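Chemist: From the sequence below, what's the structure:
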Amino acid sequence: MYDVLVVGARCAGAATAKLLAELGRNVVMVDKAQLPSDTLSTHGLLRGGVVQLSRWGLLDRVLASGAPAITQVLFDAQGETKVRRIKERAGVDALVAPRRHILDGLLADAAVEAGAELHTGVTATGVLRSDNGRVTGITGRTASGELIELPARIVIGADGRRSRMAGYFGAETLEHFTSPCAVFYTYVTGLRPDTYEFHIAKDTFAGVFPTHDDTACVWLIRPTPLLEPIRTAGSARIPVFVQQLQELVPHLGEQVGEVTTRLRGTADLPNYRRQAHGPGWALVGDAGYHRDPITGHGITDAFRDAELLATAVNDSLGDPRDEPAAMTSYQQHRDLMAREVFELTRALTAFPAPDRFVELQLRLSEALEREADELASFPGLTAHLAA
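Modeler: Model prediction:
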């Protein structure tokens with residue numbers, strides 16, 4: 001029997017597995033995908049996510065992979081542009097936006113190096129339970145169709161916002177609203193490799209996250225009905241996307257060079273906070289908590305909650321009598337740290353007038369900086385190992 005079985009081996013799952021394996025726990029990860037592979041994500045990390053990568057000893061690997069160091073941020077609100085250098089805070093002085101197939105692969109590799117097992121092409125089909133209802137493992141199916149059972153003392157669902165594990169566990173949805181927005185993004189050449197860009201206009205939020213291969217992720221968020229011209233453009237989606245940028249945020253649209261990949265997007269995403277734990281199980285990452293990308297902080301959420309959960313699980317495994325208090329603390333800490341940004345997300349997706357939108361963005365920036373400070377102050381693995 002494994003100590004911990006993690007279903008999902010991307011940002012949240014691999015980070016959780018890495019931390020628990022480093023604490024000496026017997027950990028296995030399974031994922032239905034063949035990793036590394038891409039996934040829907042604009043993948044721009046703000047300070048909190050970079051703080052976590054630095055604390056875990058992975059930031060140098062991300063930079064070595066070719067992700068450029070972002071040293072300044074451009075804000076353009078209705079034609080008024082400001083550029084600010086990223087000052088040192090919470091131990092970091094740059095941001096990064098690694099492609100997901102690279103970041104997820106680095107995290108999974110780090111988990112395996114720490115001692116975790118990884119099995120890809122495995123789909124969880126249900127959970128095992130003891131006579132008293134406690135989750136004790138999963139049933140699954142391999143890529144070849146073999147039916148398997150994997151027992152574990154604790155099972156963690158890290159399988160994203162369409163989490164099957166949340167359903168198998170019976171996790172309650174504690175809070176929910178549907179975003180009225182849509183986002184489209186693609187990768188382009190011709191933009192500065194060291195600058196995040198955020199452009200605000202009426203009913204429009206667009207931006208740039210420079211990434212690997214001298215390209216940048218360029219994204220556009222608007223109320224869903226206003227993006228119908230792109231959604232319905234068929235094979236002309238990319239030209240219409242670029243045209244929309246040129247019309248809505250010309251400072252950005254006029255700089256866009258060659259489009260290197262297909263256009264991707266999604267609309268009307270669910271925003272929710274789910275019950276995070278129960279007897280023998282827990283949820284982490286988008287499986288337990290998800291926000292609209294208008295506040296662009298999902299990877300940091302995953303990293304934050306991975307460390308909170310790894311701490312709680314390690315305490316639970318050390319003495320099962322500690323499990324209720326430790327896991328309750330995990331959910332309470334997650335909810336407390338997420339609360340302000342969740343409410344700002346709700347306000348921003350309503351797309352208030354540009355002046356109010358800018359005001360909310362400033363509040364968001366302040367909230368995320370405070371969170372980065374708190375993440376930098378986490379005790380880290382050495383404190384848990386010493387205990």
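Chemist: where in the protein is pLDDT low?
Modeler: Applying pLDDT under 70 to the chain flags residues 381-387.
Chemist: would you list every one of the helices in it?
Modeler: Under the criterion DSSP state H, the chain contains helices at 11-22, 47-55, 59-64, 100-113, 164-169, 228-231, 237-248, 250-253, 298-318, 323-349, 354-376, 381-386.
Chemist: Now do the buried residues in the longest one.
Modeler: It refers to helix 323-349. Buried residues in helix 323-349, counting neighbours by 16 or more other Cβ atoms under 10 Å, are found at 323, 326-327, 329-331, 333-334, 337-338, 340-342, 344-349. Bear in mind the C-beta positions are built from the backbone N, C-alpha and C, glycine included.
Chemist: ok, now stretch 210-217?
Modeler: Neighbour-count burial for stretch 210-217, with 16+ other Cβ under 10 Å as criterion, is recorded at 210, 211, 212, 215, 216, 217.
Chemist: which residues touch the fifth one?
Modeler: Same thing as residue 216. Contacts for residue 216 (Cβ atoms under 8 Å, 6 or more residues apart in numbering) come out as 187, 188, 189, 191, 193, 208, 209, 210.
Chemist: So what pairs up with it in the strands?
Modeler: Each beta-bridge partner of residue 216 is listed here, defined by DSSP bridges: residue 188, residue 210.
Chemist: quick one, longest strand in the chain?
Modeler: Counting residues, the longest strand in the chain under DSSP state E turns out to be strand 147-157.
Chemist: Now do that one: which elements does it pack against?
Modeler: Applying 3 or more Cβ pairs under 8 Å, 6 or more residues apart in numbering; DSSP states H and E, we find strand 147-157 packed against strand 2-7, strand 27-31, strand 123-129, strand 135-141, helix 164-169, strand 281-283, helix 298-318.
Chemist: Any buried residues in that strand, and which?
Modeler: Neighbour-count burial for strand 147-157, counted by 16+ other Cβ under 10 Å, picks out 150, 152, 153, 154, 155, 156, 157.
Chemist: partners of that strand in the sheet?
Modeler: Applying DSSP bridges, one finds strand 147-157 paired with strand 2-7 (parallel), strand 135-141 (antiparallel), strand 281-283 (parallel).
Chemist: just the angle between that strand and strand 123-129, please?
Modeler: Angle between the axes of strand 147-157 and strand 123-129 is 80 degrees (criterion: axes from the mean of the first three to the mean of the last three Cα atoms, to 10 degrees).
Chemist: give the contact list for the residue nearest to the spatial centre of the chain.
Modeler: Nearest residue to the geometric centre of the chain (Cα atoms, centre = their mean): residue 299, 2.5 Å. Taking Cβ under 8 Å, 6+ apart as the contact definition, residue 299 lies against 11, 41, 43, 45, 49, 103.
Chemist: Show me which pair in those is furthest apart.
Modeler: Across the contacts of residue 299, the longest distance by Cβ to Cβ is 12.2 Å; it joins 41 and 49.
Chemist: Which one of those two is surrounded by more residues?
Modeler: Residue environment comparison for residue 41 versus residue 49 gives the larger neighbour count to residue 49, 29 against 20, counting by other Cβ atoms under 10 Å.
Chemist: now what about stretch 167-179, what contacts it?
Modeler: The set of residues that contact stretch 167-179 without belonging to it, under Cβ under 8 Å, 6+ apart, is 124, 126-127, 135, 138, 157, 268-276, 278, 281, 283, 288, 292, 294, 342, 345-346, 349.
Chemist: Need the buried ones from these selected in ChimeraX.
Modeler: The following ChimeraX command selects only the buried members of those, with burial defined by 16+ other Cβ under 10 Å:
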select :124,127,135,138,157,269,271,272,273,274,275,276,278,281,283,288,292,294,342,345,346,349
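Chemist: ok so, going back, in CSV: the buried residues of stretch 210-217, plus distance to residue 61.
Modeler: Listed next are the buried residues of stretch 210-217 as CSV, based on distance: Cβ to Cβ, whole Å:
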residue, distance to residue 61
210, 18
211, 15
212, 13
215, 20
216, 21
217, 20
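Chemist: Save the helices and strands packed on strand 147-157 as CSV, and put in distance to residue 99 too.
Modeler: Converted to CSV, those look like this (distance: least, Cβ to Cβ, whole Å):
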stretch, distance to residue 99
strand 2-7, 22
strand 27-31, 18
strand 123-129, 25
strand 135-141, 28
helix 164-169, 26
strand 281-283, 26
helix 298-318, 12
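Chemist: correct me, but residue 1 touches residue 153?
Modeler: Yes - with contacts counted by Cβ atoms under 8 Å, residue 1 reaches residue 153, the gap being 6.5 Å.
Chemist: Residue 267 contacts residue 231, doesn't it?
Modeler: Yes - counting by Cβ under 8 Å, residue 267 does reach residue 231; the two are 7.5 Å apart.
Chemist: what residues are shared contacts of the two?
Modeler: Contact with both residue 267 and residue 231 is made by residues residue 182, according to Cβ under 8 Å, 6+ apart.
Chemist: What number of residues are in the vicinity of residue 161?
Modeler: 18.
Chemist: Likewise for residue 143?
Modeler: By the other Cβ under 10 Å criterion, the neighbourhood of residue 143 contains 12 residues.
Chemist: Which residue is the nearest non-sequential neighbour of it?
Modeler: Counting by Cβ to Cβ, 6 or more residues apart in numbering, the nearest residue to residue 143 once its immediate chain neighbours are dropped is residue 121, at 3.3 Å.
Chemist: Could you do residue 247 as well?
Modeler: Among residues not flanking residue 247 along the chain, residue 253 sits closest, at 7.1 Å (Cβ to Cβ, 6+ apart).
Chemist: Now do that neighbour against residue 215, distance only.
Modeler: 17 Å (Cβ to Cβ, to the nearest Å).
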